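**Q** Predicted model and sequence follow; I will ask about them next.
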Amino acid sequence: MALVTANRFNTLRQQIDNVLGNGSGDTGYGQTLITQSVQVGDLIDATNINNAYEDLRKCYKHQTGGNPANTIIQAVQQGDLIKENDGVSYTGWDQYEALASLVSTNRLTVDATQQDIAVSLPNNRGSWNGTITCIVNVNFSSADARRHYFNQGGYIQITSSTTDTSSKGTDWNNIMGGNSVFSANSFTHSGNGTVTNVGNYQLDGTVQRILANFDAGAGTYSENDYYIDVQSTSGTQIQFTMTWRDQETGNPDEDVSNLNCDIYTATAITDVIGTTPGVVRGSGDNF
């Protein structure tokens, strides 16, 4: 049998709390645990262990999309004798500690089925040319809420496109096309351009250019530019600035009839419940 002391049980609970609870830095989903600490001399019973199972299950499902298989870990029944390692019923203390380590390692991973992806701020501009900018503020209720959102696998996606099918509109779609995704520790862009891999935890308060696509057009439109800057303006706000620059030698007299710049959020759902940040237009742009 396993000797599950108060210290050993509380160590497991702390591992779970670092992932599922408030945490610090890039740990913590901001959820309330049902697993409670125990005191020296307390009897650790099936309820204590099954509470730990339930909190571990929530972490695992958030990360993988499904509950842990019964060949990984199982809940216990009243009267069960807890073994150090149980490769038959998978209720051993080794199984619990192994799963706690696994969800800790994968804490910044989220399965796509555990997120709600939504357009939080659609932006549309009609006829345009020259240089235009769109400033967007992403607001969180607290610094911890910001951490929790990104730790849960949340991200901010920027998608820019035009429905203009002229040669200039088609060229602009090639310049700015693709999804730009800003997450906890990374920035990716599925289209053309130079990417700087900066995520939430790499922001330093200065303006940082995360996408640069300069002189990116073809032929007549070769000098056209599209770029994205990001700045942490406070512990509770991140600002994104998108710029479309139609250079003078790129025929600015040709208007593009329509421009969309949509901002998406990805909020945790099901067993880990996230809070969608507020996404609003900032001041000072000309979109």
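**A** Looks like it arrived, so ask away.
**Q** rest of the way, CA atoms for contacts and neighbours
**A** OK.
**Q** mind checking pLDDT for residue 223?
**A** Per-residue confidence (pLDDT) for residue 223: 90.
**Q** out of everything not next to it in sequence, what's closest to it?
**A** Distances taken as CA to CA, 6 or more residues apart in numbering place residue 215 nearest to residue 223, at 4.0 Å, with adjacent residues excluded.
**Q** can you give me the helices for the stretch 101-250 of the chain?
**A** For the stretch 101-250 of the chain, applying DSSP state H, counting those that start in this stretch gives helices covering 143-151, 167-176.
**Q** Let me have these in CSV, adding mean neighbour count as columns.
**A** Output for the helices of the stretch 101-250 of the chain, formatted as CSV (neighbours: other CA atoms under 10 Å):
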stretch, mean neighbour count
helix 143-151, 23
helix 167-176, 21
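**Q** looking at these, which is closest to residue 231?
**A** helix 143-151 (14.1 Å; CA to CA).
**Q** Can you name the residues in contact with the closest one?
**A** 22, 25-30, 107-108, 140, 155, 183-184, 200, 235-236, 267-268, 274-276 (CA atoms under 8 Å, 6 or more residues apart in numbering).
**Q** is it true that residue 204 touches residue 230?
**A** No: using CA atoms under 8 Å, residue 204 is not in contact with residue 230; the gap is 10.2 Å.
**Q** Under the pLDDT cut-off, which ranges of the chain? List them.
**A** Residues of the chain that meet the criterion pLDDT under 70 lie in 1-3, 87-88, 248-253.
**Q** What are the boundaries of the strands in it?
**A** Using DSSP state E, the strands assigned to the chain run over residues 115-125, 131-139, 156-161, 179-182, 187-189, 194-195, 208-213, 225-234, 237-245, 259-268, 278-281.
**Q** follow-up on the earlier one: hmm, which of the contacts of helix 143-151 are the buried ones?
**A** Neighbour counting with 16 or more other CA atoms under 10 Å marks 22, 26-30, 107-108, 140, 155, 183-184, 200, 235-236, 267-268, 274-276 as buried within the contacts of helix 143-151.
**Q** before we move on, back to that, and the strands of the chain as TSV, adding distance to residue 46?
**A** Converted to TSV, the strands of the chain look like this (distance: least, CA to CA, whole Å):
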stretch	distance to residue 46
strand 115-125	32
strand 131-139	42
strand 156-161	41
strand 179-182	42
strand 187-189	44
strand 194-195	51
strand 208-213	50
strand 225-234	45
strand 237-245	44
strand 259-268	30
strand 278-281	42
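**Q** Any idea which of those gets closest to residue 97?
**A** strand 259-268 (25.1 Å).
**Q** Quick one: list the elements packing against the closest one.
**A** strand 115-125, strand 156-161 (3 or more CA pairs under 8 Å, 6 or more residues apart in numbering; DSSP states H and E).
**Q** Can you point out the buried residues in the first one?
**A** What that stands for is strand 115-125. 115, 116, 117, 120, 121.
**Q** my read: residue 269 touches residue 111, true?
**A** No: with contacts counted by CA under 8 Å, residue 269 stays clear of residue 111, the gap being 10.5 Å.
**Q** If you drop the residues flanking it in sequence, what lies closest to residue 96?
**A** Per CA to CA, 6+ apart, closest to residue 96 is residue 73, 6.8 Å.
**Q** Would you mind measuring from that neighbour to residue 60?
**A** 11 Å (CA to CA, to the nearest Å).
**Q** what residues are shared contacts of those two?
**A** Counting by CA under 8 Å, 6+ apart, nothing touches both residue 73 and residue 60.
**Q** still on that earlier bit, quick one, which of the strands of the chain gets closest to residue 77.
**A** Closest to residue 77 of the strands of the chain, according to CA to CA: strand 259-268, at 31.0 Å.
**Q** which other residues reach that closest one?
**A** 114-127, 149, 152-163, 273-277, 279.
**Q** Pull the contacting residues for the residue nearest to residue 96.
**A** Neighbouring residues of residue 73 by CA under 8 Å, 6+ apart: 89, 90, 91, 95, 96, 99.
**Q** State the number of residues packed around residue 46.
**A** 17 (other CA atoms under 10 Å).
**Q** try residue 112
**A** By other CA under 10 Å, neighbour count at residue 112 equals 15.
**Q** could you dump the helices of the stretch 101-250 of the chain to TSV with distance to residue 220?
**A** What follows is the helices of the stretch 101-250 of the chain, written out as TSV (distance: least, CA to CA, whole Å):
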stretch	distance to residue 220
helix 143-151	41
helix 167-176	9
